[in-house]
Each structure stands twice: as C-alpha cells, then as structure tokens.
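>>> Provided below are the primary sequence and the corresponding predicted coordinates.
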Amino acid sequence: MKAFYTILLLIVSNIFMTFAWYGHLKLQEMKVISNWPLYAVILFSWAIALAEYSFQVPANRIGFVENGGPFSLMQLKVIQETITLIVFTVFTTVFFKGEALHWNHFAAFVCLVLAVYFVFYK
C-alpha cells in the first residue's frame, strides 16, 4: 500500500506543480491575471506550490526505503519525473490547444518507460 500511496501523492503533487509552473500562462491567456504585476503572479504560483509540497514531502517520506517504503531515492526520482511529464502532457494538450504531440514526444515517453524499467532492474 505504501507504493500506491506514494504514487498517488506524487500524482496530486505534480498536478499542483504543473498549475503552479504553467497555469498562470493559461490564466493570462484567459485575461484573468493579465494585468497582474510579475511579483503577484509569483506569489500566486508560490501559494499553489505550497500545496504541491504538502503532497510531495509526504510522498517521499512514505515511499523512501529507509523510512520503511518500497523505493530508493533514485526510484522515487524517476517515478516523480515520469509522473511530471505525463501530467504536463495531459495539461498541455487539454488547456493549450495550440500544442500538439508529435512522434518525438512519444519516443521520449518510450525512453521514460525504459528509464523506469532500468531503475527497478535488479
């Protein structure tokens, strides 16, 4: 169950992270925050990032092998990066209609799947 909770928390964390890093671009496009000064956008993103850390830190603590979890640090990082790119891809294709997936993106995903395979390879 620790592996499941770790991955679930990492998914939620990465949803918040993606909105913190890129959501302001969509909000600017929608004219919601287009008049905000940069420092206000930064503070807004930091508030979202606080929620991201509220899920990321427990995920790493629960998942880390030295805390009784199933994953090494390297495994946690590769899982997190893979989740990040999956969440980012979904976010980009759903919210930014001008962005499209191409063959090289799929090739990169195959490389990520291979990275996950190799990081768990004994």
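Received it, and whenever you're ready, just let me know what you need.
>>> run a quick neighbour tally on residue 19.
Using other Cβ atoms under 10 Å, residue 19 has 20 other residues around it. All C-beta atoms are positioned from the backbone trio N, CA, C, and that covers glycine.
>>> what distance do you get for residue 51 to residue 61?
Using Cβ to Cβ, to the nearest Å, residue 51 is found at 17 Å from residue 61.
>>> tell me which helix or strand the closest residue to residue 20 other than its chain neighbours sits in.
Here the nearest residue to residue 20 in space, its sequence neighbours aside, is residue 48; by Cβ to Cβ, 6 or more residues apart in numbering that works out to 3.8 Å. If you go by DSSP states H and E, residue 48 is part of helix 38-63.
>>> list the helices and strands whichever helix or strand comes after that helix packs on?
Later in the chain than helix 38-63, the nearest helix or strand by DSSP H and E is helix 73-95. For helix 73-95, the elements it packs on are helix 2-18, helix 38-63, helix 103-120, judged by 3 or more Cβ pairs under 8 Å, 6 or more residues apart in numbering; DSSP states H and E.
>>> redo that, cut-off 6 Å
In terms of contacts (3 or more Cβ pairs under 6 Å, 6 or more residues apart in numbering; DSSP states H and E), helix 73-95 is packed against helix 2-18, helix 103-120.
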